[in-house]
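> Could you work out the structure for the sequence below:
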Amino acid sequence: MLAAYAAKFDADDPIAALEVGERPDPTVPEGWVTIDVRATALNHHDLWSLKGVGLAEQSLPMILGCDAAGIDPDGNEVVVHAVISDPAWKGDETLDPKRSLLSERYQGTLAEKVAVPARNVVPKPAGLSFEQAACLPTAWLTAYRMLFTQSGLKPGDTVLVQGAGGGVATALITLARAAGIRVWATSRDDAKRAKALEIGAHDVFGSGARLPERVDAVMETVGQATWSHSLKSLKQGGTVVISGATSGQAPKSAELNRIFFLQLRVQGSTMGTRSELAELVQFMANAGISPHVDSVLPLTDARKGFAKMNEGDVFGKIVFTV
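Numbering: from 1, shown residues only. I've put the predicted structure just below:
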């Protein structure tokens with residue numbers, strides 16, 4: 001079957017480590033099913049994998065990808081939940097010490113077929129295309145958990161979304177607006193700030209700009225470059241929820257004095273549960289919202305999509321069709 005996979009690691013030029021070609025059909029353990037993939041979305045996780053982050057060399061070659069929408073063996077249209085927990089684990093799958101994501105221990109979704117545990121599929125929303133539905137399992141699920149499980153935000157509160165443009169950030173803006181939360185967003189790029197307004201932000205600011213007032217929570221995926229601004233933007237008792245650090249993981253200062261004196265809360269967040277994915281699907285149907293797709297490419301052109309993400313020239317999700 002056709003697949004996009006990591007054949008080696010290259011920390012300096014991850015695109016050089018990407019191969020697009022034939023791989024064996026997936027093996028299907030007991031309790032798993034094969035999904036015929038119709039669309040699959042790209043994430044920064046895939047670029048990090050090509051750099052050798054979170055992926056062991058003995059696992060190569062590894063088909064990349066965490067996101068997929070497709071057809072199950074019974075002909076149902078489904079979305080794949082990418083968090084694979086131990087079969088004996090009960091409760092929140094993201095807290096299982098043995099958990100992994102598709103494309104870490106098990107072959108990923110950037111392929112014509114993917115094998116997943118039967119419990120890891122949820123019905124695809126009827127109102128979303130396969131291309132839109134493929135955006136949900138990583139970026140949109142991550143955003144949903146950040147906002148509705150981890151932040152403590154409620155309708156009428158104000159949230160700051162750092163780094164408008166990426167898949168998680170665009171999802172955060174749209175979901176928060178639909179939930180009655182005032183949304184402010186930042187970006188270094190004029191065009192991305194304009195697009196953030198189009199998809200629901202109430203106001204936008206340049207990166208690091210002084211805000212009109214402090215906010216109840218900050219949604220942080222950029223990390224090192226925006227960390228100080230995130231902390232300075234919070235009200236006393238506010239919360240910064242962090243689910244990524246695309247600019248680096250080591251800010252010049254953790255600003256511990258600010259955190260304890262203002263009683264700020266720093267909350268990590270990783271992916272989301274299967275039940276949260278089902279909740280997200282229903283929330284989007286009720287609110288009449290859909291994911292923002294930057295571009296759609298055939299899987300044969302996966303290299304173009306990876307290069308586009310690597311250059312940072314993205315607003316929304318890059319999707320591959322199969």
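> all contacts plus neighbour counts: C-alpha atoms, from now on.
OK.
> Tell me which helix or strand Q282 sits in.
helix 274-287 (DSSP states H and E).
> which strands and helices sit next to that helix?
strand 121-123, helix 141-145 (3 or more C-alpha pairs under 8 Å, 6 or more residues apart in numbering; DSSP states H and E).
> Rebuild those as TSV, extending it with mean pLDDT.
What follows is those, written out as TSV (pLDDT from 0 to 100):
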stretch	mean pLDDT
strand 121-123	95
helix 141-145	98
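> winner for burial among the ones you listed?
Comparing these by mean neighbour count (mean count of other C-alpha atoms under 10 Å), helix 141-145 comes out on top with a mean of 26.
> distance of the closest residue to Q263 other than its chain neighbours from R265?
Spatial nearest neighbour of Q263, chain neighbours left out: G237 (4.9 Å); criterion: C-alpha to C-alpha, 6 or more residues apart in numbering. Distance of G237 to R265, computed by C-alpha to C-alpha, to the nearest Å: 7 Å.
> What of R99?
For R99, the distance to R265 - C-alpha to C-alpha - is 26 Å.
> Ok, which of the helices and strands packed on helix 274-287 comes nearest K154?
With C-alpha to C-alpha as the criterion, K154 lies closest to helix 141-145 of the helices and strands packed on helix 274-287, at 13.2 Å.
> wait, what's in contact with the residue nearest the centre of the chain?
Nearest to the geometric centre of the chain sits A139, at 2.2 Å (C-alpha atoms, centre = their mean). Counting by C-alpha atoms under 8 Å, 6 or more residues apart in numbering, A139 makes contact with N43, G167, V168, A171, M271.
> Go ahead and name everything in contact with the one helix or strand the fourth one maps to.
Same thing as A171. Per DSSP H and E, A171 falls inside helix 167-178. Under the criterion C-alpha under 8 Å, 6+ apart, residues 43, 139-140, 142-144, 147, 161-164, 182-183, 185, 196, 199-201, 219, 221, 287, 289, 291-292, 315-317 lie in contact with helix 167-178.
> Filter these down to just the ones in helices.
Of the contacts of helix 167-178, the ones assigned to helices by DSSP state H are T142, A143, Y144, A196, A287.
> My understanding was that the first one contacts S243; is that so?
Yes: taking contacts as C-alpha atoms under 8 Å, T142 lies within contact range of S243: 7.5 Å.
> what sits in contact with each of those two?
Both T142 and S243 are contacted by S269, T270, M271, under the criterion C-alpha under 8 Å, 6+ apart.
> Out of those residues, who's the most crowded?
The residue in these with the most neighbours, by other C-alpha atoms under 10 Å, is M271 (24 neighbours).
> Please look at that one and T94 and confirm they touch.
Yes: counting by C-alpha under 8 Å, M271 touches T94, with 7.0 Å between them.
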